[in-house]
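Participant: here is my input, please return the structure:
(one chain, ligands or ions: 1)
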Amino acid sequence: MENLISLVNKIQRACTALGDHGDTSALPTLWDSLPAIAVVGGQEYVDDVLNFSSGKSSVLESIVGKDFLPRGSGIVTRRPLVLQLHKLDEGREYAEFLHLPRKKFTDFAAVRKEIQDETDRETGRSSKQISSVPIHLSIYSPNVVNLTLIDLPGLTKVAVDGQPESIVQDIENMVRSFIEKPNCIILAISPANQDLATSDAIKISREVDPTGERTLGVLTKIDLMDKGTDAAEILEGKSYRLKFPWVGVVNRSQADINKNVDMIAARRREREYFSTTPEYKHLANRMGSEHLAKMLSKHLETVIKSRIPGIQSLINKTVAELETELSRLGKPIAADAGGKLYTIMEICRLFDQIYKEHLDGVRPGGDKIYNVFDNQLPAALKRLQFDKQLSMENIRKLITEADGYQPHLIAPEQGYRRLIDSSLVTIRGPAEAAVDAVHGLLKDLVHKAINETVELRQYPALRVEVGNAAIESLDRMKDFSRKATLQLVDMESSYLTVDFFRKLPQDVEKGGNPTHSIFDRYNDVYLRRIGTTVLSYVNMVCAGLRNSIPKSIVYCQVREAKKSLLDHFFIELGAMEPKRLSSLLNEDPAVMERRTALAKRLELYKAAQAEIDAVAWSK
Ligand SMILES: Nc1nc2c(ncn2[C@@H]2O[C@H](COP(=O)(O)OP(=O)(O)OP(=O)(O)O)[C@@H](O)[C@H]2O)c(=O)[nH]1
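Facilitator: Numbering: from 1, shown residues only. Predicted structure coming up:
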């Protein structure tokens, strides 16, 4: 059972190291789920003189058996003090602070000074403000029981000693923030020489724990009660009843403190007081600081034990949540240039893969390219107005011009060529449009693939660079494709298909029945026949280009995009300075911070998980 308290101690220390100590945090806190005993007491000043103090410090010192808490006027306790007591079987007592690992304090006056100094380090010596960041003090001694207590600043009604007015409310808020947590056991300390109805500790405890299930009442200064009055009614549970019996204590008086009365001797005197005072004799076995310490230790263990399943399930749930969020945030960045380069290449590869999947039909979008070849290009070719080129007027004009000063004798060879050229040149338009349309689609797919590459979300700079590099590659491919595709069209002009003309009906040469004489060679029928021949030749060429333009486009753009979209970028990466590589992996600082915080928290929860599981199994 003993290891239950030390288990919670360990987790509490880890929580503090992580900044997870129960105050407002965006992350779930393990601290809140751990049972703890918070010590609450009031102090009342009238005209700057401490009139009623609860005797909280005295109770804690008595439990520890040592003088070690700072004393002085005003509000001395300004940070929570997590006091972890570890029982030693034998040997000399010593103390350790979490913030000063490896330093063993055997002089408890030095412990007191360190508490003061550490308080000032966090809150500032002059401002005398309060802070909810706890100080962790472990005391190892044969005179203690295993127990953890959190000493909170004393509740007060007025600020004194140059402390800001706001401190009164600040203290109340801090105390409340600790004791309102359902896992907090409240050790409410009230002086017996003051009316319990006015006790600050009881008032605030009632507020947060109306049924008293978590409140343990301690009555101090029983020896200082007015003559003729006693606390028997309260201690017997007849008045001011709490769920747990009240414990009365008698601490050292101021005179004892001044005389340096030894704490162990004071405990003995306290024992004698209860066993010899007639009013309390019958209660002696459950009175005094020693009994209080043992009772608290037992109670804390029982509560921890009962909470273990709840803590385990909270830890398991939180571990799962943290892991999900961490995987959503992505992996942390490697520190060295090689690691960075590897990360970038890896992410580029993932992007490239997604891009290919779009083209290969695994993801949508690639089908639109076929639509260009199957619909857009044929429709554009169809829309070409060859009839304009081949109007009677144009044919006559071109034939006449081509003839020059010497009219053609048999067939207008030059005229044919000019008419064909002037028609074929218009195919360049649809050819270029097809190149552009495919380029546009390939670009759209880059944007899609960028958005779908989850890993790129983490690195806005890399995302931009990869996008730009891919578009630049596509631009280069488009230029190459345009050249190749236009060459296909231009090639048609450079050499005409001889067979086509050979196969034409040769009625003129056959000497059949020419409808015109050689001098009628510019008449309409003759020109129409030329027009029809040219049109049918151009249509034949169009049909061919309709098939070959897609081949050229796929070869130059689609296939290249699939093969080498980021090749240029990879070459650039290889030559990049480490600084530039780092800047590519510049994450959003908020993401970076969040990941570090989550990773640390996950580590804490996993460690806690292992420890609690070990204890739970050995129950
Ligand atoms: N006679 C007697 N004196 C006590 C008892 N408890 C505390 N005192 C005295 O009351 C005074 C205040 O005690 P503290 O323990 O410092 O009280 P506190 O509530 O912690 O007050 P701060 O230290 O100011 O936070 C000291 O002079 C103690 O000696 C007690 O049970 N009997």
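Participant: list the contacts for the closest residue to the ligand within the stretch 351-500 of the chain?
Facilitator: Closest approach between the stretch 351-500 of the chain and the ligand, counting by Cβ to the nearest ligand atom: Gln458, at 51.0 Å. Any C-beta I mention is one placed from the backbone N, CA and C, and that applies to glycine too. Residues near Gln458 by Cβ atoms under 8 Å, 6 or more residues apart in numbering: Leu329, Gly330, Glu587, Asp588, Val591.
Participant: then Asp170?
Facilitator: Asp170 touches Gln129, Ile130, counting by Cβ under 8 Å, 6+ apart.
Participant: secondary structure element for it?
Facilitator: Assessed by DSSP states H and E, Asp170 sits inside helix 167-179.
Participant: strands of the stretch 101-250 of the chain, residue ranges please.
Facilitator: In the stretch 101-250 of the chain, the segments counted as strands under DSSP state E, counting those that start in this stretch are 135-141, 147-151, 155-156, 184-191, 215-220, 247-248.
Participant: so what touches the last one?
Facilitator: So the one you mean is strand 247-248. 192, 216-220, 222, 231, 235, 274, 280, 283, 286-288, 291-292, 295.
Participant: cutoff 10 Å now
Facilitator: By Cβ atoms under 10 Å, 6 or more residues apart in numbering, the surrounding residues in contact with strand 247-248 are 59, 187, 189, 192, 216-223, 230-232, 234-235, 270, 273-274, 277, 280, 283-284, 286-289, 291-293, 295-296.
Participant: and after it, which helix or strand comes next?
Facilitator: In N-to-C order, the element after strand 247-248 by DSSP H and E is helix 254-258.
Participant: that next one packs against which elements?
Facilitator: helix 56-64, helix 263-276 (3 or more Cβ pairs under 10 Å, 6 or more residues apart in numbering; DSSP states H and E).
Participant: got the buried residues for it?
Facilitator: Buried residues in helix 254-258, counted by 16 or more other Cβ atoms under 10 Å: Asp256.
Participant: again with stretch 103-114
Facilitator: Here stretch 103-114 shows Phe105, Phe108, Val111, Arg112, Glu114 as buried, counting by 16+ other Cβ under 10 Å.
Participant: what does stretch 274-287 give?
Facilitator: Neighbour-count burial for stretch 274-287, counted by 16+ other Cβ under 10 Å, picks out Phe274, Thr277, Glu279, Tyr280, Leu283, Ala284, Met287.
Participant: how close does the second one get to Ala231?
Facilitator: If I follow you right, that is Thr277. 10 Å (Cβ to Cβ, to the nearest Å).
Participant: and what of the third one?
Facilitator: To Ala231, Glu279 is 8 Å away according to Cβ to Cβ.
Participant: again with Thr453
Facilitator: Going from Thr453 to Ala231 by Cβ to Cβ gives 73 Å.
Participant: quickly check: the helix holding Asp170 near the ligand or not.
Facilitator: No - on the criterion Cβ under 6 Å from any ligand atom, helix 167-179 is out of touch with the ligand, staying 11.1 Å away.
Participant: give me the angle between that helix and strand 147-151.
Facilitator: 150 degrees (axes from the mean of the first three to the mean of the last three Cα atoms, to 10 degrees).
Participant: helix 167-179: how far from the chain's middle?
Facilitator: Relative to its chain's centre, helix 167-179 lies at 31 Å (Cα atoms, centre = their mean, to the nearest Å).
Participant: stretch 234-250 too?
Facilitator: 49 Å.
Participant: kindly report the same for stretch 561-568.
Facilitator: Counting by Cα atoms, centre = their mean, stretch 561-568 comes out at 33 Å from the chain centroid.
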